[in-house]
Each structure stands twice: as C-alpha cells, then as structure tokens.
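Compute the structure for the input listed below.
(one chain, ligands or ions: 1)
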Amino acid sequence: MGITKTDFMRGMQCRKMLWLDRHKPQYRVIPPETRARLDAGNVFGDRAMSMFGPYEEMTVYLPGTRIPDKKKMAEKTALHLQLGTPVICEAAFLYYNNYCAADILKKTDAGYDLYEVKNTGTVKDQFIRDAAFQYYIMDRCKVRIHRIYIVLHGPDENNPFVPEDITEQAKALAPWINDHIWDLNRMWKQQEEPEQEPGEQCTCPYECWYYAYCHNARPEQIRMDILKGETTMSERKADKAEKEWSDEIPDDEEEIRPEPYEETYQDGTPKNECWKDR
Ligand code: SF4
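The predicted structure follows:
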C-alpha cells in the first residue's frame with residue numbers, strides 16, 4: 001500500500017500523525033465541527049461535478065461495501081483517458097501504489113486541465129500542495145496536465161464555482177513531493193512509533209486529531225472524546241474516511257523506490273512557515 005494525497009498532507013504536517021493513522025487509529029478524535037466542514041465540502045464537490053455539463057464519474061466500490069475500489073477506479077479512468085472523455089470526475093491514478101483521485105479533469109487541446117474543488121473563498125497554501133500531489137502522480141502516470149485550478153466557492157449561489165489558476169505554483173512543487181513521498185512510504189510501515197515532541201505542528205495548518213493522545217490526556221478522557229466523535233459521525237464522512245484509509249492494495253516493499261525528479265526547485269516557490277520540513 002502506498003500513500004494518498006491526504007496521507008501525504010498529514011505526513012508533511014507531522015510524520016507521527018501519519019504513523020498513528022496506520023498503527024493507532026483508535027486514538028483519532030475528529031471534532032464534530034471538522035466533520036461538518038468536511039461534509040459541507042463533499043456536498044459542494046458533488047455539485048461542482050456538473051460545472052462543465054455532462055461528465056463521467058469514475059467511482060467504483062468494492063463489492064458489498066461503500067469503500068472505493070482504487071484499482072478498478074484507476075482502470076476505468078485509464079479507459080476514459082484513452083477514449084478522450086471530455087469531463088472525468090473522481091479520476092483515479094496509482095503510481096507505485098501511491099494514489100490520488102482528481103475532482104475534475106477537463107479535456108483541452110493540450111491534454112487535460114485539473115480542477116480541485118474547495119468549499120471556501122480563498123486559495124490557501126495547503127490547497128496548492130494538495131493539487132501538486134495530484135499533479136505529481138498524474139504526471140508520473142504520463143497524463144498530460146496543462147492548467148491546474150482551485151475551484152473556490154464564490155458569492156453567487158446560482159453559479160458558485162470560481163476557478164483560480166495555480167498552475168505555476170503547483171507544478172513547481174513536484175520536486176518537493178518527490179523529495180518526501182518515498183520517505184513517508186517507508187516511515188509509515190515501520191513498527192516503532194516515531195518520536196515527535198508536540199509543537200506548532202499540532203495545530204498548524206490543521207488541528208491534529210491525536211492532540212489528546214500526544215498531550216498526555218488521561219486514557220478515560222481520550223475515550224470520552226472518541227465516543228463524542230463517533231456519535232456525531234455521519235455516514236457520508238465515514239465513507240470518505242474509508243476511501244482515504246482503505247487497505248485493499250497489498251504491501252510490496254519492492255514498490256517503494258525513490259526516483260530522481262527531472263526538474264529542479266524554482267527559486268521563489270511560495271513556502272508557508274507551517275510547512276517547514278520537520
Ligand atoms: S498531536 Fe502533534 S505531535 Fe502528536 S501526532 Fe499530532 S501533530 Fe504530531
């Protein structure tokens with residue numbers, strides 16, 4: 001099993017967070033307000049699928065479950081890319097078992113444009129890094145991605161989809177993705193829990209779901225927090241969580257192999273202080 005976009009972003013915020021996701025997920029406490037925000041984002045994302053008119057959605061579930069079948073989704077996506085389908089939603093890609101599903105791919109004369117949908121009014125640094133991970137995986141899968149957009153939630157509810165072009169920033173981050181993705185792959189398979197002192201990474205850019213675990217909360221308090229989170233968890237969010245953390249692709253150490261990236265860092269790549277390498 002490789003890592004997903006969400007894994008990568010969590011691992012870059014704190015490596016221990018990613019390790020806990022795999023080895024001690026029972027200590028994860030997702031605040032109700034975070035669940036509500038993610039649910040609202042899912043609804044907005046579903047609406048955005050039709051922003052260019054008719055589309056083909058690539059989601060395929062494992063039999064009898066609501067867990068997306070990543071391999072089948074990637075195969076279906078490859079077929080639609082061959083067919084030249086004009087608009088592909090939840091387009092899935094696997095590169096050495098590292099996985100991403102792009103919200104929207106729109107065909108152009110130069111290849112495909114990538115649209116990442118965010119239910120918010122401004123572009124944030126982590127959105128660009130998020131899109132950069134997708135670009136990296138798709139580029140390595142030899143898909144020609146031309147422009148990259150973040151679709152923001154604008155003020156006009158009749159037409160709320162506002163694309164912001166982030167192509168240059170996102171493409172410039174591909175070497176940064178390459179520099180870290182293989183280490184994260186190795187790290188989260190190790191048996192020992194990584195040592196990491198709590199610090200600014202516990203709340204920046206997102207509050208960590210293991211805050212109580214790492215800040216020495218009493219076991220009974222952690223349990224109460226977990227129960228509180230479980231009772232407010234919606235079906236929809238549970239599906240989304242399974243999508244990101246499902247384990248259906250077997251481990252294969254041979255699959256983890258760092259490769260040199262062709263490009264070099266570009267001077268002036270925007271760096272948010274929250275994302276300093278740790
Ligand atoms: S609480 Fe802080 S140290 Fe612990 S996993 Fe989360 S970010 Fe890392």
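
Please identify which helix or strand holds Ile181.
helix 174-187 (DSSP states H and E).

That helix close to the ligand?
No: if you take Cβ under 6 Å from any ligand atom as the test, helix 174-187 misses the ligand, and the best it gets is 12.7 Å. C-beta here means a position set from N, CA and C on the backbone, and glycine is covered the same way.

could you say what helices and strands that helix packs with?
helix 5-13, helix 15-23, helix 125-140 (3 or more Cβ pairs under 8 Å, 6 or more residues apart in numbering; DSSP states H and E).

List the buried residues in that helix.
Ala174, Pro175, Trp176, Ile177, Asn178, His180, Ile181, Trp182, Leu184, Asn185, Met187 (16 or more other Cβ atoms under 10 Å).

Specify the angle between it and helix 5-13 in degrees.
Interaxial angle, helix 174-187 versus helix 5-13 (axes from the mean of the first three to the mean of the last three Cα atoms, to 10 degrees): 90 degrees.

Give the next helix or strand downstream of helix 174-187.
Taking DSSP H and E, what comes next after helix 174-187 is helix 211-214.

Can I get that following helix in CSV? Just the C-alpha atoms.
Presented in CSV, the C-alpha positions along helix 211-214 are these (Å, rounded to 0.1, in the frame of the first residue of the first chain):
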residue,chain,number,x,y,z
TYR,A,211,-3.9,16.0,20.1
ALA,A,212,-5.2,14.4,23.3
TYR,A,213,-3.1,11.3,22.7
CYS,A,214,0.2,13.2,22.4
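
Give me the helices and strands touching it, please.
helix 219-231.

Could you list the low-confidence segments of the stretch 1-150 of the chain?
Applying pLDDT under 70 to the stretch 1-150 of the chain flags no residue at all.

What number of residues are in the vicinity of the residue in it positioned nearest to the ligand?
When scored by Cβ to the nearest ligand atom, the stretch 1-150 of the chain has Cys14 as its residue closest to the ligand, at 3.3 Å. Other residues lying near Cys14 total 22 when counted by other Cβ atoms under 10 Å.

Quick check: buried residues in stretch 23-43?
Tyr27, Arg28, Val29, Ile30, Arg35, Leu38, Asp39, Gly41, Asn42.

Throw the buried residues of helix 174-187 into a markdown table and include pLDDT, thanks.
Below are these laid out as a markdown table (pLDDT from 0 to 100):
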| residue | pLDDT |
| --- | --- |
| Ala174 | 95 |
| Pro175 | 94 |
| Trp176 | 95 |
| Ile177 | 96 |
| Asn178 | 94 |
| His180 | 95 |
| Ile181 | 95 |
| Trp182 | 93 |
| Leu184 | 95 |
| Asn185 | 93 |
| Met187 | 91 |
